[in-house]
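A.B. asks: When you get a sec, could you give me coordinates for this:
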Amino acid sequence: MKKVIALLLGALTLLTLFAACGEKAPAETTDVSGAPDAQTEETTAPETDTAAPAGSDTTAPATDTSAPTAAETPDETPHYRKYDNPYQEAVCLFAESMLQRHRLVQYDDTRLVNYQPVAVYRWQRKTKAPEDYTKQLLGYTNCACFTYDCYYEALDYDIKYWYVRMYYAADPEEIMYSYDVKGDETPEDIARLKEEFVKILEPGDCICYLHDDSGHAMLYAGEGRVIHSQAPGGGNYDYSSKKDRVEPVGSISLDMIDDLFTPGYVRCLPQQKSYIICRPLNKFKGGEVPEKSKNRAKNLQNVVVQKLCSKTIGQVIMPGEELTYTFDIQNLNNWKMDLEVRDVVPENTTYVSGADSVSGRNLSWDITVPKGERMTVSYTVKVNDDNSLYGKKIFNDKATVGGVPCKTPAVYVRKHLSDDEKTKLAGTMDAVSKSGASVFGLELAKSIYKDAIGMDISAAVTDEKSLMGTLFTPQTADPGIYDFNEDNKYFPLVAPAMYGGYYVLSITAFDGIRTRGPQTQHLEAGDIVVISDNKEDTETQVYMVGAGNKIMCLNPGAVRMLDVAESNDILMGILGYTKFVILRPAMTLK
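C.D. replies: Purely as a prediction, here's the structure:
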């Protein structure tokens, strides 16, 4: 045990408490042909965006790693996995729900902020339930966050302190099993180690291992199933080329216990440095299982739910305009599912149509989803035609499917450009890109607004250095890390949730929602993208969104309209810069 403690302590500084999910699998070749592009996703539900993920490792595991569905058997009688107690059930079914979301949950690289306390940031952020992750708001997690969320979201059990401690292997009550790999284990040794391991393992246990300069954490979900978050292809973001991507298989993966004791497999435990079994439930004080977890177990096993909105993050709405909300429900079972869908008409809106039953502001549908199929139900509301609503938000967080909460981000009531104004802006941008410009950056953006639609934004938007230096303020403890500042004259210009960067830690603005990187579905014609690539804000880039979400470069010596591929490259790479923000001047119009 002492040797294990020493190994774990020594590796801790390299792992930053495992928050980086340091799963350094060999470089993998993942086929992304036909995978939806992060920048071109439509807002309607795709046909197969939650299909079961296949194993993404180049070394084939010993057993099938397809995602679980009860449809693995032809029996149409409902039957589910059994657990020894409701706490195990809640944690493990949370993990299974995450696995079934496939590409909707991506790998989150902690190096987005290359800073030790990022682990604290991750564990103190607003955690998300599986139902919160949709094609409009992809989820990002890693091995440490995933195992943490399994407990926090399923049982309201904050294992932060315990989770950090388990890597010290300090308390025998927390560490159920440990093994230091000698390196000369024979096949007979491995078989014996597997037998020892399986005898101790219980559903809900965390399996952790160290190797070389990194490590990994996984959750045992019972019946030989090990669920974890890994980085397919080495991670979603390539820092050398500033290129992000959406992995079609997502980051939540399934291994079997047999795989973990198969020589040559990337996560073969007896080929690591050391490995342990940790049992968070040993420290759990018990109590009532949260209602959402009870209902997930009762009604949503092997059912994937997404709640979508016709206005996604980054977009705004004006009084008198309509919003449509859609429940996309996919039944992965081999039997039909009878489900209750419930919602409440959002405040400051008026119901228009779509619900099966309306009682006051309460909306309901009682639906049957056939085995192996998906269906959608939608309804439409109209934002009240009241100018006093400008500056407010339309919340829709009261919905449930099968008793499990399903919500969408708030939609901000702000002014936006008319179609005619967007057309005029696009025309002016095209003309400038052909004739050239004598001013650049934000000065050029101001000129285009003035010439195209007569809108003077000079008072609101000054210069790049002032803008970025005011919106992003250095932390006192570490001036190299930035918080996003809401209390300044520039904040009203910021498109909702459209800010971030490599060294930006804050997530308090916009109800805690912040884009990892903007997608075309989040943008509006006339948006101004400002990027800073150093801490002094002396190296900035400015772009402007035109018709069809094509982007115009406003930088000195490079003023021109970018093609679709170049525009996507800008958006896909933006999160690797020091900081960025997207401005929408129209939101300040009266």
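
A.B. asks: Tell me the span between the first and last residue of stretch 238-257.
C.D. replies: Using CA to CA, to the nearest Å, the end-to-end distance of stretch 238-257 comes to 31 Å.

A.B. asks: Please read the previous query as pertaining to stretch 342-353.
C.D. replies: End to end - CA to CA - stretch 342-353 spans 15 Å.

A.B. asks: contacts for it?
C.D. replies: 322-323, 325, 355, 358, 361-364, 379-384, 386, 389, 392, 394-396, 398-401, 413 (CB atoms under 8 Å, 6 or more residues apart in numbering). (Each C-beta comes from the backbone N, C-alpha and C, glycine too.)

A.B. asks: same deal with stretch 354-361?
C.D. replies: In contact with stretch 354-361 (CB under 8 Å, 6+ apart) are residues 324, 343-345, 351, 363-366, 377-380.

A.B. asks: Domains of this protein: list them as residue ranges, please.
C.D. replies: 2-24+60-68+84-292, 303-413, 419-588 (automatic domain parsing).

A.B. asks: Help me confirm that Leu308 is found in a strand?
C.D. replies: Yes. Counting by DSSP: H, G, I helix; E, B strand; the rest coil, Leu308 falls inside a strand.

A.B. asks: Mind pulling the model confidence for it?
C.D. replies: Note on Leu308: pLDDT of 97.

A.B. asks: Am I right that it is in contact with Tyr325?
C.D. replies: Yes. Contact between Leu308 and Tyr325 holds when scored by CB atoms under 8 Å: they sit 7.1 Å apart.

A.B. asks: Give the intersection of the neighbour lists for those two.
C.D. replies: What both Leu308 and Tyr325 touch, as defined by CB under 8 Å, 6+ apart, is the set Thr408.

A.B. asks: quick one: secondary structure of the residue of the chain positioned farthest from its centre?
C.D. replies: Distance to the chain centre peaks in the chain at Glu188, reaching 42.3 Å (criterion: CA atoms, centre = their mean). At Glu188 the chain is in helix, as set by three-state DSSP.

A.B. asks: Please tell me how far it sits from Asp259.
C.D. replies: According to CB to CB, to the nearest Å, Glu188 and Asp259 sit 19 Å apart.

A.B. asks: count of neighbours near the spatially closest residue to Val226 that is not a sequence neighbour?
C.D. replies: Leaving aside its sequence neighbours, Val226 sits nearest to Asp255 (CB to CB, 6 or more residues apart in numbering; 4.5 Å). Residues lying near Asp255 (other CB atoms under 10 Å) number 25.

A.B. asks: cool, and Met561?
C.D. replies: 19.

A.B. asks: My guess is it contacts Gly548. True?
C.D. replies: No. Using CB under 8 Å, Met561 is not in contact with Gly548; the gap is 10.3 Å.

A.B. asks: circling back: in JSON lines: the domains of the chain, plus distance to Pro78.
C.D. replies: Formatted as JSON lines, the domains of the chain follow (distance: least, CB to CB, whole Å):
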{"stretch": "domain 2-24+60-68+84-292", "distance to Pro78": "15"}
{"stretch": "domain 303-413", "distance to Pro78": "5"}
{"stretch": "domain 419-588", "distance to Pro78": "36"}
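
A.B. asks: By mean pLDDT, show me the worst of the ones you listed.
C.D. replies: Among the domains of the chain, domain 2-24+60-68+84-292 scores lowest, with a mean of 78.

A.B. asks: Could you pick out the longest helix of the chain?
C.D. replies: Ranked by residue count and defined by DSSP state H, the top helix of the chain is helix 419-435.

A.B. asks: hmm, who's touching that helix?
C.D. replies: In contact with helix 419-435 (CB under 8 Å, 6+ apart) are residues 417, 444, 447-449, 451-453, 524-526, 544, 546-547, 552, 559-561, 586.

A.B. asks: Also stretch 534-548?
C.D. replies: Stretch 534-548 is contacted by residues 422-423, 425-426, 429-430, 440-442, 444-445, 448, 464-465, 468-469, 474, 480, 503, 523-533, 551-555, 561-562, 570, 578 when judged by CB under 8 Å, 6+ apart.

A.B. asks: tell me which residues in stretch 254-265 are buried?
C.D. replies: Neighbour counts over stretch 254-265 (16 or more other CB atoms under 10 Å) mark 254-257, 259-262, 265 as buried.

A.B. asks: Helices along this protein, start to end?
C.D. replies: Counting by DSSP H, the helices of the chain are 2-15, 86-100, 118-124, 143-155, 160-166, 187-200, 257-260, 291-299, 419-435, 441-453, 464-471, 564-573.

A.B. asks: Give me the residue at the spatial middle of the chain.
C.D. replies: Closest-to-mean residue, the chain, CA atoms, centre = their mean: Gly139 / 1.8 Å.

A.B. asks: Could you pull up the contacting residues of that one?
C.D. replies: Applying CB under 8 Å, 6+ apart, the residues near Gly139 are 101, 104-106, 128, 132-133.

A.B. asks: Test of understanding: give the bridge partners of it.
C.D. replies: Taking DSSP bridges as the rule, Gly139 bridges to Val105.

A.B. asks: of all the contacts of stretch 354-361, which two lie farthest apart?
C.D. replies: Thr324 and Asp366 (20.6 Å; CB to CB).

A.B. asks: Those two: who's more crowded?
C.D. replies: Thr324 (16 against 11).

A.B. asks: Leaving out sequence neighbours, find the closest residue to the more buried one.
C.D. replies: Leaving aside its sequence neighbours, Thr324 sits nearest to Ser310 (CB to CB, 6+ apart; 4.2 Å).

A.B. asks: looking at it, the one you found is touching Glu321, isn't it?
C.D. replies: No. Under the criterion of CB under 8 Å, Ser310 makes no contact with Glu321, lying 9.7 Å away.

A.B. asks: who's more crowded, these two?
C.D. replies: Legend: neighbour count by other CB under 10 Å for Ser310 and Glu321, higher for Ser310 (19 against 15).

A.B. asks: Please list all residues in contact with that one.
C.D. replies: Counted by CB under 8 Å, 6+ apart, Ser310 has contacts 43, 322-326.

A.B. asks: Can you read off the backbone torsions of it?
C.D. replies: Phi and psi for Ser310, reported as degrees, to the nearest 10, are phi -70, psi -20.

A.B. asks: Return the distance of it relative to Thr349.
C.D. replies: Ser310 is 13 Å from Thr349, by CB to CB.

A.B. asks: again, but for Cys208
C.D. replies: 47 Å.

A.B. asks: who has more neighbours, the two?
C.D. replies: Cys208 (26 against 20).

A.B. asks: I am finished for the moment; much appreciated.
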